[in-house]
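Colleague: Got a predicted structure plus its sequence, pasted below:
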There are 4 protein chains.
Amino acid sequence: MPIARVHRIIAQGPDDASGLQAAIASGTIDPAGILAIFGKTEGNGCVNDFTRGYATQSLTLALARHIGEERAKAVCYVMSGGTEGAMTPHWTVFERVDGDGEPGPALAIGRVHTAALAAEDLGRMGQVRQVAAGVRQAMAEAGLSDPADVHFVQIKCPLLTAQRIGEAEARGATVAVRDTLKSMGLSRGASSLGVAVALGEIAEEDLTGALIGRDLGLWSGRASASAGVELLNHEIVVLGMSKGWSGPLAIDHAVMADAIDVEPVRAALDRLGLGAPGQLGQAARDRLVALLAKAEASPDGEVRGARHTMLDDSDISSTRHARAFVAGALAGVVGRTDIYVSGGAEHQGPPGGGPVAVIARKA
Amino acid sequence: MPIARVHRIIAQGPDDASGLQAAIASGTIDPAGILAIFGKTEGNGCVNDFTRGYATQSLTLALARHIGEERAKAVCYVMSGGTEGAMTPHWTVFERVDGDGEPGPALAIGRVHTAALAAEDLGRMGQVRQVAAGVRQAMAEAGLSDPADVHFVQIKCPLLTAQRIGEAEARGATVAVRDTLKSMGLSRGASSLGVAVALGEIAEEDLTGALIGRDLGLWSGRASASAGVELLNHEIVVLGMSKGWSGPLAIDHAVMADAIDVEPVRAALDRLGLGAPGQLGQAARDRLVALLAKAEASPDGEVRGARHTMLDDSDISSTRHARAFVAGALAGVVGRTDIYVSGGAEHQGPPGGGPVAVIARKA
Amino acid sequence: MPIARVHRIIAQGPDDASGLQAAIASGTIDPAGILAIFGKTEGNGCVNDFTRGYATQSLTLALARHIGEERAKAVCYVMSGGTEGAMTPHWTVFERVDGDGEPGPALAIGRVHTAALAAEDLGRMGQVRQVAAGVRQAMAEAGLSDPADVHFVQIKCPLLTAQRIGEAEARGATVAVRDTLKSMGLSRGASSLGVAVALGEIAEEDLTGALIGRDLGLWSGRASASAGVELLNHEIVVLGMSKGWSGPLAIDHAVMADAIDVEPVRAALDRLGLGAPGQLGQAARDRLVALLAKAEASPDGEVRGARHTMLDDSDISSTRHARAFVAGALAGVVGRTDIYVSGGAEHQGPPGGGPVAVIARKA
Amino acid sequence: MPIARVHRIIAQGPDDASGLQAAIASGTIDPAGILAIFGKTEGNGCVNDFTRGYATQSLTLALARHIGEERAKAVCYVMSGGTEGAMTPHWTVFERVDGDGEPGPALAIGRVHTAALAAEDLGRMGQVRQVAAGVRQAMAEAGLSDPADVHFVQIKCPLLTAQRIGEAEARGATVAVRDTLKSMGLSRGASSLGVAVALGEIAEEDLTGALIGRDLGLWSGRASASAGVELLNHEIVVLGMSKGWSGPLAIDHAVMADAIDVEPVRAALDRLGLGAPGQLGQAARDRLVALLAKAEASPDGEVRGARHTMLDDSDISSTRHARAFVAGALAGVVGRTDIYVSGGAEHQGPPGGGPVAVIARKA
């Protein structure tokens, strides 16, 4: 019976694979079982964030020594740039092993790589459909037939650079947007709507390209998308609860309605047996394996009727502001800073809010 | 009998005095009673943050129409730059009126302007002594004889610019530091040690100039200092509880040990009758008049043993990171974003932590 | 007969009117004759650059003491934020006096304020037409009937903020763009096309709203537009050579084809009698009164076939990169750093290039 | 007889080794002959610039396929972060081959790796001495006995991070500075003084640790140092003219006295046969192989008596401002943007200025 194992490793830099190496050397991690590695890397999380590619290259090199280059490259590396505030750069390693764990239901994992996305499809229905198909394929891999059992879908998607735009236009194609930073948002948005379609949250026929990035009333409560300059296709990881899996881990999720709406997260922690008034105590903190969240600046420029300045700041991208602030709100609840808060929540949760997933060791 | 009134007004920009004008027009605020205005303005909070001076100039112009230029200039304008994350730019107006309010003890306010500080005294014992004397004078003004009754001392202090350093060196003087951004930290630190001396938290004889900015084990639990390019002296506002004052307001304080140590703040809210498991509900939120906090990146590069990257980020000042993150942690507790989180907590609370004051309407 | 006088004054900060005060006190400047003040202020030149408004408020206050508030407000304050690189913050004061100067042709000045622009007209034909009408009015004021005699048209135009967009949408209007930083470019572009229409460089019937910000092959060789958050209308200043004016000053202009195309500027200097191989010598430098230029990152991501990274940098706006770089190229030619290089040259000169005006004392 | 070959290759990103691969595949470059690769990469050039390490890892991987990992690692990779303004990310490959080239004197190259530098020696005499010894060794390798024949010494040096400082202090050592960004300047400064000592520009006995980073009247006219987080030792490359070398290339150098002092560079170009009034024409441009320069913000806050704001800007490091501006000044002279302008010129040329080397094909 498959068992999902999740390991959280602090990184000293984008190229720091030493913790991963140590875990492999000590037998804590079996490199052959690694399906995906989520990383928070210390770049700006925007267009020119090369820490994502650097981390991917470094971790791939480290794994290649154990399982060969080809299988090392098949791992899903989902690097989310930006550890603003006191967030801690770290890797979250998702492993699938076979054995006799505690009987399920337990955390189940499925992962898929899509084909490359043409620059002209980015932020349009072509991307929505490609992602929806990929999510269904990943659910099948995880043995998750009921969308209700899916708690989180992490997607790494491409973006447009001045160069990619130039190449597309050179061959007569038009792109959805010429602003490279904006392209990250459109790519995240289209990918998330693809998740919503696959999970039945939105019907594909209710979507058109014109709604992408515009009608923010359309969203998935379980999608998390990060855009990066280092890939041209999608990497999809589906996380859920399955009777077909065993082991010590469980997952649940919540949706924050705005940047300070932490009570739904507290409720999800409670459902996983980590309930507490105020901040988690040490024992509960230790049972928390991963907190995965999305953050964004509310597009209307307000939080609960009070003005914020994130969208008017031309020195710091609003995605960086939002990651720092929401990471503070969530770290205040769980008492840890090695959490995964990813910026840009277009169509991921309601405008200004976002989905949050919690993985914990069962009591 | 004196009554302290505190008004929180959201600002649409550094020059937005319209809310203040409206409150005066409606009689909510008596301009003659204004002692101080604390402002969170949307600049970078660092050396070249001109939103502080712009706000001070704009509010002074607005008040001058009512009480004349001279008295308008006597108001303490404590502008703290930086509304990172979802913090809301706003003014907090401190007013002293006479009348028969509910019997005390109640919030008491004292304020003082010091003389200009010579550039060569900045960050040295000369600044510590000047501030200590100013705090004692402000306590006397507020009728606060026992330092134990003082819950918060807000200080606006000067900084060094390339030009001021040049002038000092031109006359043969040496400055404590030539880095302008660093000068803000030294100025905040020396000012805060001045508060600690005045409140008996540290004995002056235990201090030397060499310890300022270095021995961070020396700190005040009630000092809050902001440095700004727009002033050359200190503006000091003391807040405490006094039997000699009446009115509906009360103040208490807490000390955060690190950037996510929100439980002491929850306890202070509880002591003021705003207790709640998790986030404050609407009723308690409405009774919260002001939350004043200091934030900084822990100098050892870690929070609870986990690495942060704030001190290695050359794109965003660590003060901006810390404000955004701690504002998130505190806004998650109180459910409001119009809170006053000020950066740079040198000698203000333990390293990586900081003092927090809460002003609330009595039940 | 009218005489144009131009004064260049270095500023120690956005609020530094001391140099202006001194020039008035010494009689060098007659405040009654001031038509416009161009300023380079040390903000980021983007959406949240409050140094422009701060400077405008400070200079207005200073002039009001001499000519009263109403006339002080009638002066055109064109504050361009951003003194990247070694550019020097400074004011360029344009004055019109009457007297018997050396016979013309000489520098002639006209200035106009337009009405406020509705948020929904920004970046659309409504803005183009409003500006074209304003330019014709300013030419008439300057006695410039032949567009060929016009060498530079400086325009200060508004931008959209999250709040202004919200207000427009609240009343059912749609704006041309929801990205505030992008709105600055559209506003500059539409304003510049308005200049092109007024100067006969482009026929109005050849323009449509859809071409604004898109067909960059349409441009004016004499327009210079700066967008600022501090105004809602346009301020227009026309500079040209007129037989109807006398005095010691002359103006000419050039168009840079790309960010390093300095030879046309050298040729314009030569036509004004400031010719030199290499950098201007001291004598020529002293005769240079003002250099006014526009800069932008070439939208195709290249300069002479070599890649630049300005459009992919999410830490620093491309407008800041371009100002710093082009200011370096021009300062290398003239040997001065107190030059006026303004960012964002949409429809101002060819893509990646920009117009440059030079004002010099006649030999 | 040794022949020096220098190849300039534009990079599409820090990890783009495709141009190098193509040059090797076509036989233009013999990987066995590569001594050093200088790179301008598109990071911030400050503490958290990971593009340098990413580029080094990527180029090493590419070369290892041809010459094996060990020899690939022996190449000196001098990655200078920061392509502000319109600077073009590119690699400059220095190759030594043997054959019968045109008789010398011609460009000669020597390179050396030093041992790791202890954190507590950084910015102190220990670093000066280690670098001086390394330079002498590199000169010997290049057959350059007379320091007068040396025109440029490029050094890559380490910096301090919060972590390295913590480790040093944990073992009881003290570091020269705790500010990580400042540590880059001290490291560049001490390295450059090491060059000055080796070239006889300064006598070692005239130096003390206290003068490093302080007495900026002490400088080398041929040193260029870049600090990077990715190395702990020094990589030194000496460039000069030697009768013992043959081939088509020549090198000369100049010293800029300030950020706009381009005439000495024009004179150096002239000495190499690339003289021109104004900007280089196409023919001369094509003969220009490499321009290597250092830039910094003048520490006194002025250029030719006019104020600059680079040192007071807390949003953008002064090193980024200076690179953008000086790159503009130099690109305006040579008409190319693929030039190597490196930030931080402490003790490299006079304060505010810096050394410039030019490599050109002989006529």
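Modeller: Cool, got the structure. Keep in mind it's a predicted model, so treat the numbers as computed, not measured.
Colleague: Model confidence score at residue A:278, please.
Modeller: We have a pLDDT of 94 for residue A:278.
Colleague: you'd agree it is in a helix?
Modeller: No - under DSSP: H, G, I helix; E, B strand; the rest coil, residue A:278 sits outside any helix and is assigned coil.
Colleague: tell me the contacts of it?
Modeller: Under the criterion of Cβ atoms under 8 Å, 6 or more residues apart in numbering or on different chains, the neighbours of residue A:278 are B:262, B:263, B:266, B:277, B:278. (Glycine included, C-beta is placed from N, CA and C.)
Colleague: ChimeraX command to pick out the buried ones of those?
Modeller: The ChimeraX command for the buried members of those (criterion: 16 or more other Cβ atoms under 10 Å in any protein chain shown) is given here:
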select /B:262,263,266,278
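Colleague: And the contacts of residue A:278, which is closest to chain A?
Modeller: Nearest to chain A, judged by Cβ to the nearest Cβ, of the contacts of residue A:278 is residue B:277 at 3.5 Å.
Colleague: The helix or strand hosting residue A:236 packs against which elements?
Modeller: Element membership for residue A:236, per DSSP states H and E: strand A:235-242. If contacts are counted by 3 or more Cβ pairs under 8 Å, 6 or more residues apart in numbering or on different chains; DSSP states H and E, strand A:235-242 sits against strand A:34-41, strand A:76-81, strand A:106-113, helix A:125-142, strand A:150-157, strand A:249-256.
Colleague: Strand partners (parallel or antiparallel) of it?
Modeller: Within its sheet, strand A:235-242 is paired with strand A:106-113 (antiparallel), strand A:150-157 (antiparallel), according to DSSP bridges.
Colleague: send the alpha carbons of it over as PDB?
Modeller: What follows is strand A:235-242 as a C-alpha-only set of coordinates in PDB (Å, rounded to 0.1, in the frame of the first residue of the first chain):
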ATOM      1  CA  GLU A 235       4.300  20.900 -13.200                       C
ATOM      2  CA  ILE A 236       1.200  19.700 -11.300                       C
ATOM      3  CA  VAL A 237       1.100  18.100  -7.900                       C
ATOM      4  CA  VAL A 238      -2.300  17.000  -6.400                       C
ATOM      5  CA  LEU A 239      -2.600  16.400  -2.700                       C
ATOM      6  CA  GLY A 240      -5.700  14.700  -1.100                       C
ATOM      7  CA  MET A 241      -6.900  12.100   1.400                       C
ATOM      8  CA  SER A 242      -7.400   8.600   0.100                       C
END
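Colleague: tell me which element the closest residue to chain D within the stretch 251-363 of chain A is part of?
Modeller: Nearest residue of the stretch 251-363 of chain A to chain D: residue A:315, at 4.7 Å (Cβ to the nearest Cβ). Assigned by DSSP H and E, residue A:315 belongs to no helix or strand.
Colleague: residues touching it, list them.
Modeller: B:44, C:44, C:46, C:48, D:315.
Colleague: now for the residues you listed, which pair is the farthest apart?
Modeller: Spanning the widest gap among the contacts of residue A:315 are B:44 and C:46, at 12.5 Å by Cβ to Cβ.
Colleague: Show me which residues of the stretch 201-350 of chain A are close to chain D?
Modeller: The stretch 201-350 of chain A has residues A:229, A:315 near chain D, with proximity defined as Cβ under 8 Å from any Cβ of the partner chain.
Colleague: Flag every residue of the stretch 201-350 of chain A that's near chain C.
Modeller: Counting by Cβ under 8 Å from any Cβ, the stretch 201-350 of chain A comes close to chain C at A:299, A:300, A:301, A:307, A:309, A:311, A:312, A:313, A:314, A:315, A:317.
Colleague: Pull up the gap between the closest residue to the third one other than its chain neighbours and residue A:215, please.
Modeller: Put plainly, it is residue A:301. Counting by Cβ to Cβ, 6 or more residues apart in numbering or on different chains, residue C:162 is the residue found nearest to residue A:301 once chain neighbours are left out, at 3.6 Å. Plainly put, residue C:162 is 19 Å away from residue A:215 if you go by Cβ to Cβ, to the nearest Å.
Colleague: Check the burial of residue A:126 by counting its neighbours.
Modeller: The number of residues packed near residue A:126 is 15, by other Cβ atoms under 10 Å in any protein chain shown.
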